[in-house]
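# could you look at this predicted model? Sequence included:
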Amino acid sequence: MTRPFLSVEDLVVHFPTPDGIVRATDGLSYTLEPGKTLGIVGESGSGKSVSSSAILGLHRNTSAQVSGRIWLDGVDLLSLSDKEMQQRRGKDVAMIFQDPLSALHPYYTIGNQVAEAYRVHNEVSKKQARVRAIEMLDRVGIPNPGQRVDDYPHQFSGGMRQRAMIAMALINDPELLIADEPTTALDVTVQAQILDLLQDLQREFNTALIMITHDLGVIAEVADDVLVMYAGRAVEYGSTKQLLTAPAMPYTLGLIQSVPDLTSDVDEPLRPIPGNPPSLLDPPSGCAFAPRCTFKHLVDPPSLPDEVMPELEEIAPGHLRRCHLREHDLSKLIPLAAEKVEEPV
Amino acid sequence: MFAFIVRRILVGVVMVVVMIFVVFSLFFANGNPAINQCGRYCTPEKLAEITGLLGYDKSIPEQFGAFTAGLIVGRDFPVNDEYREALIANGYENRIIRCDAPCLGYSQSDQKTVNQLLVKAAGPTLSLAVVSFTIWIFFGVLIGVLAAVFKGRLLDRIVVGSTLVVYALPVFVIGTFFLQYVAIKWQLYPYPRFEPLREPADILPWLTSIMLPAVTLALFFMAAYVRYTRAFVLESLSEDYIRTARAKGLPERTVLFKHGLRSALTPLVTLAGLDFAGLLAGAIITESVFNYQGMGALAVKANNNQDLPVLIGLVIVGATAVIVMNIIVDILYAYIDPRVRVSK
Amino acid sequence: MKKRSIARWGAIAVAGAAITALTACGAATGGDTGNTGGTVTYLGVTGQWEGTDPATVYYGNEIASLRRLVYRGLTALPISDDPNVAPVADLATDTGTSDDGGITWTFTIKDGVTWEDGTPITGEDFIYGLSRSFDETLVNGTGVGLAYFGTYAASVVEAGYTGPFTSSEEAKAAFAERFYADGQKVTYTFDRPWGDFPAAAAGLFTTDPYQASVDDGSTLWEINSNGPYMMEEDEFDSALGATFVRNPEYDPATDSTDLRQALPDQFTFELVSDTDVLFQRLVADAGDDKAAFTDANIPATFYSQVESGAIADRTLKSTSPYTRFLFINSLTVTDPDVRRALAVSLNKEGMIQAYGGDNYGEPSTSIVSNAVSGFEPNPAFADDNPAGDPAAAKTLLAGATPEITIGYAVSPTNEKLIPVIQQSFEAAGFIVSTYPVASDAVPGYYGQMARKDKNGQKVDVFLGGWAADWPSMSTVIVPILQSNPEGAESGVGFNYGFYSNAEVDDLIEQALAATDPAEQASLFSQADAIAGEDGAYIPVVQQKNYFLYGSRIGGFLPDVASSFYPDFGSIYVKPEAAE
């Protein structure tokens, strides 16, 4: 049996701190094929960025404890030496970040930074790398790239900077691209352009793409599959269609409901998920979402979510969720939802 | 950039002028300074005579004016007009001391122009400043980077601990240890007597003679700079662009030295520039421990003698050093950080 | 003398001197000489040099070294361990002649004596040297010579003479009438007899010659030599020192080895700012420092290191020209019995402990130091109990309890000293209060004490100290005991106690006119005895010197000629083998 192109298996990322272990990611598994897009959704601190950084081995210089398997094209990245990992970083796997202003070095020109990514993995002269950088800048839609290549990041607009980041990430034609909230820091109009660009390039290079976001609108537009993360764990996993049309986990439902709907009445209040995510330092032993769950009283017995962590269960082919509720179709339960939830301690 | 520098220099000149005026005013606020030249057995007549001789009987604005004129066109000393006229009348024009522009004044108690005194003191002070600066920047930054890279490990803990100890030790204690134990008692190093650097052949003796005080001074600053560098590098290494650099697959060495150190350097340049400027005004404690006759020793002596012209001269030199270093720091800043550069 | 003596005094006090029993110094005297060649390093203390222009030179250590190396005078005192040594001729052919009892003095300058550029020294050079000592700008307003000439040649000062550069024609005429040269013959005429002028000429540089052609207005740190050595540098560095090498123009035939043996080829003057560093170098005795010595006293912190073993052989104890005493304000303490009661009650031994113990000094019986020619203990104090005698004091007071205020300058030493004095006086029945003067007070301590009204404060007893300017009692008795002029608001000389006794004044006049040193000393001793009986002052301590020098130093001799600093004229470098 051939392994999927990318297969994350039981990934654990823990950060020891003086106060205890921060369980940033716990037992995470998913797969991804070339040309496909996986959306990872979750609130800040849900472990979506941490788990993705683990794929690039970015936790190697920290005190983080990483375990599990990350198979990429038949190789377990976690078993590689630092040197081997460094050689794959930026070549096989690339990443673009949320805030392109802080992610670009303020003291070096755009061209220098883009070309640097090329030179480190290819034996070329500075001049050749520069030509290649200009080519890539042109490809990501930077006008007049021959001149702008010598500009510094602060001389670029936000959208242009993100285009430059994309150019830098794709310059080595990576097999896997991780985009960590690539549009969050950008204007709305620019967001759409960047997403379009990413999709164009993905098709062109047949890249596997992990799109980390908290924006379900982005997911709806680009993702084939969606992984919802909560408190370091996957809580629901399935195709975009399955998740958006038939969410089977109250947290996913909450995320969908909290998106403002252009067709709805403007006076209707937004419905954010009440409460706050739990501390990863001392997570609840039961369902991490239980304190915020408006359906908790429907579980039999209602104390179960507080005591027992639900397992990931496959409720439909390719659709997994982590929930104690018997009902798979949450839309039926909406009228029974509690008005208030208990405040998390 | 050019206009910027010109503007900074003009502001600096105004600051120096204001400072001279303040020093003048403060100096006379305590009563007649001539009393310090009058000896312990001082009669009112004698005090009046000395006051007149030193020109302290003139109003502060008048003295300030004469001083400023001296800066531009030079001055004759002693300042007392009648005294100079009497010298000419008696055929002793050769006893009038001509102090060419920019004349910083004349120290009656040393019978030298302030310019001469400052030039003489500049040798040890500049030598001490340059050598100790070189030592502390090189080792301070190097050790600081190492500590940052090995953060939390044994090396880092040793470095952080020992810098704390060195920083807590007064310069006086370190200097005295080097002089009295290393040089005298154990005879491990030649007794430091300043050797001026006049020609290339002097480099070795000069460096040998300056090493103990320079290391004394450098240790103190080094302790601080190790900690600064460590903090700045750690801060820099936590920046997003460092993650980007790693994500690109750059080797750790490049990440550290090309991406990490460059931004950590920026605040260090400011600190180093100002600390260096401070040294140009003299390292009083180090100079006094090693009996080096630099700006610091001159300042102590002038203060003890209440020698106004010398004090003013030192203020001007010190202030100018700070202002010039500030301008240099600004230029360096622009060189290091493109965001500071005025856009094309 | 005047405040400069006090300044010198202060400098010594800062150096923290301390010593033991007076031992006559047993080093080489004028007769036998040591090894020639080598370099002697003199380690001085930074800040103790205030100028090398002869018009400014005053400190004992400056005089001791420069007189032997570079500045020859009319007369000089020979290298000798004799405490009653007499001046001998130096640049002059004899020690001067006076036919009118000390008013007019005539000297003839030797032929063949030259400046370091080879120019012969003329009589005119002596007159020029003297004349420029009257210039206040030259002497930084504090010239010591002028203080004496202001007394003995008051008419010149009163005529408005301010030196050759700025004086009016009338004033210059007044000067020229009294001081003039005729070829190699130099004549000095004073207003009143100056019996020990030849001794003054040895100890003061005011009467030294000066070469007019090198006088350019910035001479404070220049040295134009006429002695066996000359300065290598253009200027003496007040903070670092200078190097003295042999002067090729010096002709030993014009000089005497009694004055200058000039044995080393070079003298290096190295000034050190920290006495601890200085003594650690001498203790270490390494390299060039083996041929080094100092004129600073061993600090108390070094006693344990230097008092035993081989290093003790490199130490020498001697007396010092310095004494400390208590002034009595004669204007407020008028009853002689009360003054005597203060004197007999004083616990001098307790005070000496507060000063630093036996190495610092011993109880004294006069304001005159035993280092001064013709010194005799003052019989008035000779029998006083050095530990104080409250019972005897009570008898003198006969039941009275006078109120006494002690004036002093605030310093760490004085803070220990004052309680001892206070307890002594209180034990005798005095009611005691103190008047401390802060170190930054304006006027300073002596400025306030000099005033007749003590700056408006009631001060009855106050601390003082003095050293002879040259080893003659005239430089002690005259400034301290001679009556101040009628109507003076401030004490002249050092008579800050405003002591006045016609009998004493009369003896002083006789002594000043005496040209025979023994006769002069005897007259001064009589004056001192009367003043002591009268309770003019209370003697406290005769200070001592305690020196350390390198293992290759020979001819180390603190003597009268050098104010009991080591004599530069006899010192030499022992050969390696002699180590």
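Right, received. Where do you want to start? A quick note: this is a predicted structure, and the numbers were derived from the prediction, not measured.

# all strands of chain A, in order?
Using DSSP state E, the strands of chain A run over residues A:6-17, A:20-32, A:37-41, A:65-72, A:75-76, A:93-96, A:176-180, A:208-213, A:225-230, A:233-239, A:312-316, A:319-322.

# buried set for the helix or strand where residue C:351 lies?
Counting by DSSP states H and E, the element that carries residue C:351 is helix C:348-355. By neighbour count with 16 or more other C-beta atoms under 10 Å in any protein chain shown, helix C:348-355 contains the buried residues C:348, C:349, C:350, C:351, C:352, C:354, C:355. Quick note: C-beta positions are derived from backbone N, CA and C, even for glycine.

# cool, stretch C:286-300 as well?
Neighbour-count burial for stretch C:286-300, counted by 16+ other C-beta under 10 Å, picks out C:286, C:288-299.

# quick one: terminal-to-terminal distance for that stretch?
This stretch, stretch C:286-300, spans 22 Å end to end (C-alpha to C-alpha, to the nearest Å).

# what about whichever residue of the stretch 51-200 of chain A sits closest to chain B, how many neighbours?
Here the residue of the stretch 51-200 of chain A nearest chain B is residue A:90; by C-beta to the nearest C-beta that distance is 3.3 Å. By the criterion of other C-beta atoms under 10 Å in any protein chain shown, residue A:90 has 27 neighbours.

# ditto for residue A:15
There are 18 residues near residue A:15, going by other C-beta under 10 Å.

# give me the neighbour count for the residue nearest to it when sequence neighbours are not counted.
In space, and not counting its chain neighbours, residue A:15 is closest to residue A:22: 4.2 Å by C-beta to C-beta, 6 or more residues apart in numbering or on different chains. Using other C-beta under 10 Å, residue A:22 has 19 other residues around it.

# the one 4 residues further on now?
Using other C-beta under 10 Å, residue A:26 has 21 other residues around it.

# got it, and residue A:137?
26.

# list the contacts of the residue lying closest to it once chain neighbours are set aside.
Distance criterion C-beta to C-beta, 6+ apart; nearest residue to residue A:137, sequence neighbours excluded, is residue A:145 at 3.8 Å. Residue A:145 makes contact with A:134, A:135, A:137, A:138, according to C-beta atoms under 8 Å, 6 or more residues apart in numbering or on different chains.

# so the residue of the stretch 51-200 of chain A closest to chain B makes contact with residue A:176?
No: under the criterion of C-beta atoms under 8 Å, residue A:90 makes no contact with residue A:176, lying 11.3 Å away.

# looking at the contacts of residue A:145, which is nearest residue A:35?
Residue A:35 lies nearest to residue A:135 out of the contacts of residue A:145, by C-beta to C-beta, at 22.7 Å.

# can you check the pLDDT for the closest residue to that closest one other than its chain neighbours?
Nearest residue to residue A:135, sequence neighbours excluded (C-beta to C-beta, 6+ apart): residue A:145, at 7.9 Å. With respect to pLDDT, residue A:145 has a value of 94.

# residue C:578 too?
On the pLDDT scale, residue C:578 gets 45.

# low-confidence ranges in the stretch 151-300 of chain A?
A:261-270 (pLDDT under 70).

# could you measure from the closest residue to chain A within the stretch 301-450 of chain C over to chain B?
Closest residue of the stretch 301-450 of chain C to chain A, C-beta to the nearest C-beta: residue C:301 (49.4 Å). From residue C:301 across to chain B, the span is 12 Å (C-beta to the nearest C-beta, to the nearest Å).

# swap in residue A:40?
17 Å.

# where's residue B:141, which helix or strand?
Going by DSSP H and E, residue B:141 is part of helix B:114-149.

# what about the closest residue to chain A within the stretch 151-300 of chain B, which SS state?
Minimum separation of the stretch 151-300 of chain B from chain A (C-beta to the nearest C-beta) falls at residue B:249, amounting to 3.3 Å. Following DSSP: H, G, I helix; E, B strand; the rest coil, the label given to residue B:249 is coil.

# residues in contact with the closest residue to it other than its chain neighbours?
Distances taken as C-beta to C-beta, 6+ apart place residue A:90 nearest to residue B:249, at 3.3 Å, with adjacent residues excluded. If a contact means C-beta under 8 Å, 6+ apart, then residue A:90 has A:117, A:120, A:121, A:169, A:172, A:174, B:247, B:248, B:249, B:250 as its contacts.

# so residue A:90 versus chain C, what's the distance?
61 Å.

# how near is that residue to residue A:177?
If you measure residue A:90 against residue A:177 using C-beta to C-beta, to the nearest Å, the figure is 11 Å.

# what sits in contact with each of those two?
residue A:169.

# ok, now which ones touch the closest residue to residue A:43 other than its chain neighbours?
Closest residue in space to residue A:43, ignoring its immediate chain neighbours: residue A:277 at 5.6 Å, by C-beta to C-beta, 6+ apart. By C-beta under 8 Å, 6+ apart, residue A:277 lies in contact with A:43, A:45, A:46, A:230, A:231, A:288.

# isn't the first one up against residue A:212?
What it means is residue A:43. No: look at residue A:43 against residue A:212 with C-beta under 8 Å: they stay out of range, at 11.9 Å.

# okay, these two: which has more neighbours?
Per other C-beta under 10 Å, whichever of residue A:43 and residue A:212 has more neighbours is residue A:212, with 27 against 15.

# could you measure from that one over to residue A:227?
Distance from residue A:212 to residue A:227, by C-beta to C-beta: 10 Å.
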